[in-house]
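**Student:** Pasting the sequence and the predicted model now:
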Amino acid sequence: MAIAYSSSMSLVARRYAESLFSLAVQAGCVASLGKKLSALFVSLKESSDWSDFIANPVFSARDQLKVVDALANHLGLHGKGSSGLLGDFLKVLALKKRLSILFSIIQVFEDRAASMQGYLFVDVVSAYSLDKIEKEELKTLLFCALSKNIILNLLIDPTILGGLIVRVGSHQIDASLRTQLSLLKFALKEVS
């Protein structure tokens, strides 16, 4: 679920997600809201109409609110509990014209919920698909280093040539062959 936005958008998404998470904690519905957000993420991610809609600046906040109202009614996102909380939250995003950062908000919320349960999301970029043994070894190493249960988000990027790039929160360890070769190239230029 890695979504790339500018740092200012990431900060805005984090603030909205933290607010939603606080409300969910107060209402005692973190787990059920997390499930609803995950289901919403999957269904909206598959919709090109949704992507076109939220990316189009022509639609006003009122237009976005109408669409969100229809979506909330269709999905039964009203009333009390996690359903009502999610429906109301989507309406706030529509009114503030922030639907474009919904996927980032969901990702931050899921990270917070997992952290609350002692889990940590770790993005791992490799040049090829890791087999089951490599995944388990990596999880064990990360568990030993971070003292948290690890949930791996594996991404494949053949351009790194080999090695791994590991991202935990805002920290990144780049042990890719591409980076090592770039550093070597830079060092050789300094020598000559």
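**Tutor:** Ah, there it is.
**Student:** Helix, strand, or coil at Leu33?
**Tutor:** Put simply, Leu33 is helix when judged by DSSP: H, G, I helix; E, B strand; the rest coil.
**Student:** which ones are touching it?
**Tutor:** Going by Cβ atoms under 8 Å, 6 or more residues apart in numbering, Leu33 touches 20, 24, 82, 85-86, 109. (C-beta placed from N, C-alpha, C; glycine too.)
**Student:** Then Ser32?
**Tutor:** Contacts were defined as Cβ under 8 Å, 6+ apart; by that measure Ser32 touches 81-82.
**Student:** The one 5 residues further on now?
**Tutor:** By Cβ under 8 Å, 6+ apart, the contact set of Leu37 is 86, 106, 109-110.
**Student:** any idea which element it lies in?
**Tutor:** Per DSSP states H and E: Leu37 is located in helix 30-45.
**Student:** Quick check: next helix or strand after that helix?
**Tutor:** Helix 30-45 is succeeded, C-terminally, by helix 48-55 (DSSP H and E).
**Student:** Give me the angle between that following helix and helix 30-45.
**Tutor:** Put simply, helix 48-55 runs at 100 degrees to helix 30-45, going by axes from the mean of the first three to the mean of the last three Cα atoms, to 10 degrees.
**Student:** Which residues does the helix or strand that comes right after helix 48-55 contact?
**Tutor:** Next helix or strand after helix 48-55 toward the C-terminus (DSSP H and E): helix 61-75. With contacts defined as Cβ under 8 Å, 6+ apart, helix 61-75 is touched by 40, 53-54, 59, 77-78, 86-87, 90-91, 93-97, 99.
**Student:** 10 Å instead?
**Tutor:** 36, 39-40, 43-44, 49-50, 53-54, 56, 59-60, 77-78, 83-84, 86-100 (Cβ atoms under 10 Å, 6 or more residues apart in numbering).
**Student:** Got a ChimeraX select line for the buried ones in the residues you listed?
**Tutor:** Buried residues among those (16 or more other Cβ atoms under 10 Å), as a ChimeraX selection:
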select :36,40,44,50,53,54,59,77,83,84,86,87,89,90,91,93,94,98,99,100
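**Student:** circling back to that earlier point, please could you give me each C-alpha atom of the helix holding Leu37, formatted as PDB?
**Tutor:** Taking Å, rounded to 0.1, in the frame of the first residue of the first chain, the C-alpha atoms of helix 30-45 are listed here in PDB:
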ATOM      1  CA  VAL A  30     -10.200   0.600  16.100                       C
ATOM      2  CA  ALA A  31     -10.400  -3.000  14.900                       C
ATOM      3  CA  SER A  32     -13.800  -2.800  13.100                       C
ATOM      4  CA  LEU A  33     -12.900   0.600  11.600                       C
ATOM      5  CA  GLY A  34      -9.600  -0.800  10.400                       C
ATOM      6  CA  LYS A  35     -11.400  -3.700   8.600                       C
ATOM      7  CA  LYS A  36     -13.900  -1.200   7.000                       C
ATOM      8  CA  LEU A  37     -11.000   1.000   5.900                       C
ATOM      9  CA  SER A  38      -9.100  -1.900   4.400                       C
ATOM     10  CA  ALA A  39     -12.200  -3.100   2.500                       C
ATOM     11  CA  LEU A  40     -12.800   0.500   1.300                       C
ATOM     12  CA  PHE A  41      -9.200   0.800   0.100                       C
ATOM     13  CA  VAL A  42      -9.400  -2.400  -1.900                       C
ATOM     14  CA  SER A  43     -12.700  -1.500  -3.600                       C
ATOM     15  CA  LEU A  44     -11.800   2.100  -4.400                       C
ATOM     16  CA  LYS A  45      -8.300   1.200  -5.500                       C
END
